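K.L.:
I would like to see how this sequence folds:
(one chain, ligands or ions: 1)
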Amino acid sequence: MRVMVTGGLGVNGAWVVRDFLGRGHAVSVFENRADTSLIEDVAAQVEVVVGDVCDGPQLTGAVARLRPDCIIHLAAAVDCERNPQKAISVNVGGTANVCAAAVAAGVRRVVYSSSKAVYAPATEEFGFPTYKPIGEDDHLGPIGMYGITKAAAENVMDWYGRTSDAEFVNLRFGTIFGPGRLQRHEGTINTYSSMIELPAQGRRFALEHGGEEGDDIVYVLDVADAISCVALAPAPLRHRAYNVAHGSVLTMTDYAAAIRRVVPDAALEVGPGRNPMNYVDPYYMALDGTRMFEELGWRPRFDAERAVRHYYELVKARPEVAGA
Ligand SMILES: NC(=O)c1ccc[n+]([C@@H]2O[C@H](COP(=O)([O-])OP(=O)(O)OC[C@H]3O[C@@H](n4cnc5c(N)ncnc54)[C@H](O)[C@@H]3O)[C@@H](O)[C@H]2O)c1
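P.N.:
Now for the predicted structure:
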């Protein structure tokens, strides 16, 4: 199969690219930043087209030339609260361009990287301390700009799904962690990465508060595996949206304990209380993964300890993917 990955040089994209190559598929990347450092080991096997998903004609031309069977659409703006116009342009307009280019070129399936943000804020039984797993048909009422653009992009995907022969699928990921994140992204969401990467460099890490808060965190290799699973599943898929997560939360205290099992001398301190990331709205939740399991037989393979071990060994072996 020929696969095109938009945003394929990013944190998740790097593992998506590796996953498809590992299964023997031909992979191209459409990406606005020609930095192949996160896929250095496989870059020679990938055609990288440098372009912007907001440039419809450029994207349409690339898709028409490369003729992928499937597009994995990861390119996104994540700094949405500070730059809402750009977020709308890239996340909604860019997604519409991907959909239109796919239909024009006869692409069979488009898989979109949506997010738990479409469910935020997670309140009442869906929040602390019960964290009732949120199903795909539960409430969708995002109030943050990131979630608003993700939900809007899903609606655009659905419209193309209804009006063309191609399949358009939205995957809603839990909180993703993995190598590359500390280097490429800013803010408290990098806490999961800092707690592994700083000890790997022999440095201390202290989290002032938040040890009791839980979240459904999913390792980036599981994300790539889930994307391949959905992309390669026989048509037709039964649903337009699937949660990709564990279905339960891991507290920050338990995450730190998993790190200490892998790195016994890690200098980590995790304070008590809630809201480790200092979010304005409740953004901690569990996503019900039943649909992915029952329909496609997929569930995550990396529990916290296995993920930490893989992540830690990777940044020790390849310091160039680590952050500062
Ligand atoms: N990290 C998470 O916790 C999480 C959770 C749920 C969903 N997602 C989604 O997964 C996707 C990938 O996330 P990531 O963490 O790998 O982000 P990332 O920023 O590391 O990767 C995105 C890539 O897209 C590229 N890009 C950005 N704007 C572009 C444009 N206009 N045209 C072409 N390329 C562009 C960037 O250069 C970057 O390499 C995003 O859609 C994100 O919203 C992430």
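K.L.:
backbone dihedrals for the residue in the chain sticking out farthest from the centre, both of them.
P.N.:
If you look at how far each residue of the chain sits from its centre, by CA atoms, centre = their mean, the farthest one is residue 265, at 30.2 Å. When quoted as degrees, to the nearest 10, the phi and psi of residue 265 stand at phi -100, psi 20.
K.L.:
likewise for residue 21?
P.N.:
The phi/psi pair for residue 21 (degrees, to the nearest 10) is phi -60, psi -40.
K.L.:
is stretch 53-60 positioned near the ligand?
P.N.:
Yes - with CB under 6 Å from any ligand atom as the criterion, the ligand is reached by stretch 53-60 at 53, 54. Just so you know, the C-beta spots here come from the backbone N, C-alpha and C atoms, and that holds for glycine as well.
K.L.:
same check on stretch 214-222?
P.N.:
No - contact of stretch 214-222 with the ligand (CB under 6 Å from any ligand atom) is absent, the minimum separation being 8.0 Å.
K.L.:
nearest spatial neighbour of the residue farthest from the centre of the chain, chain-adjacent residues omitted?
P.N.:
Excluding the flanking residues, the one nearest residue 265 by CB to CB, 6 or more residues apart in numbering is residue 199, at 7.9 Å.
K.L.:
in the stretch 1-150 of the chain, what residue lies closest to the ligand?
P.N.:
Nearest to the ligand, among the residues of the stretch 1-150 of the chain, is residue 10, at 2.0 Å (CB to the nearest ligand atom).
K.L.:
got the contact list for that residue?
P.N.:
Listed by CB atoms under 8 Å, 6 or more residues apart in numbering, the contact set of residue 10 reads 31, 38, 74, 75, 180, 184.
K.L.:
and what of residue 221?
P.N.:
Neighbours of residue 221 in contact, by CB under 8 Å, 6+ apart: 15, 19, 178, 301, 302, 307, 310.
K.L.:
I figured the third one hits residue 220, correct?
P.N.:
Yes - shown here, residue 178 and residue 220 form a contact pair, counting by CB atoms under 8 Å, at 2.8 Å.
K.L.:
more neighbours: which of these two?
P.N.:
It is residue 178, of residue 178 and residue 220, that has more neighbours when counted by other CB atoms under 10 Å, with 27 against 24.
K.L.:
got a list of what residue 144 touches?
P.N.:
Neighbours of residue 144 in contact, by CB under 8 Å, 6+ apart: 80, 81, 117, 120, 281, 283.
K.L.:
same check on residue 58?
P.N.:
Listed by CB under 8 Å, 6+ apart, the contact set of residue 58 reads 51, 52.
K.L.:
helix or strand for it, which one?
P.N.:
helix 56-66 (DSSP states H and E).
K.L.:
returning to what we had before: now compare the contacts of residue 221 and name the two farthest from each other.
P.N.:
19 and 307 (15.5 Å; CB to CB).
K.L.:
doesn't residue 266 make contact with residue 199?
P.N.:
Yes - contact status for residue 199 versus residue 266: in contact at 3.8 Å, counting by CB under 8 Å.
K.L.:
return the backbone torsion pair for the closest residue to residue 149 other than its chain neighbours.
P.N.:
Using CB to CB, 6+ apart and skipping the chain neighbours, the partner closest in space to residue 149 is residue 91 (3.7 Å). Reported as degrees, to the nearest 10, the phi and psi values for residue 91 are phi -80, psi -40.
K.L.:
residues contacting residue 91?
P.N.:
Per CB under 8 Å, 6+ apart, neighbours of residue 91: 76, 77, 80, 146, 149, 150, 152, 153.
K.L.:
next up, the contacts around residue 169.
P.N.:
The contact partners of residue 169, by CB under 8 Å, 6+ apart, come to 109, 110, 111, 112, 157, 230, 237, 239, 240, 241, 242.
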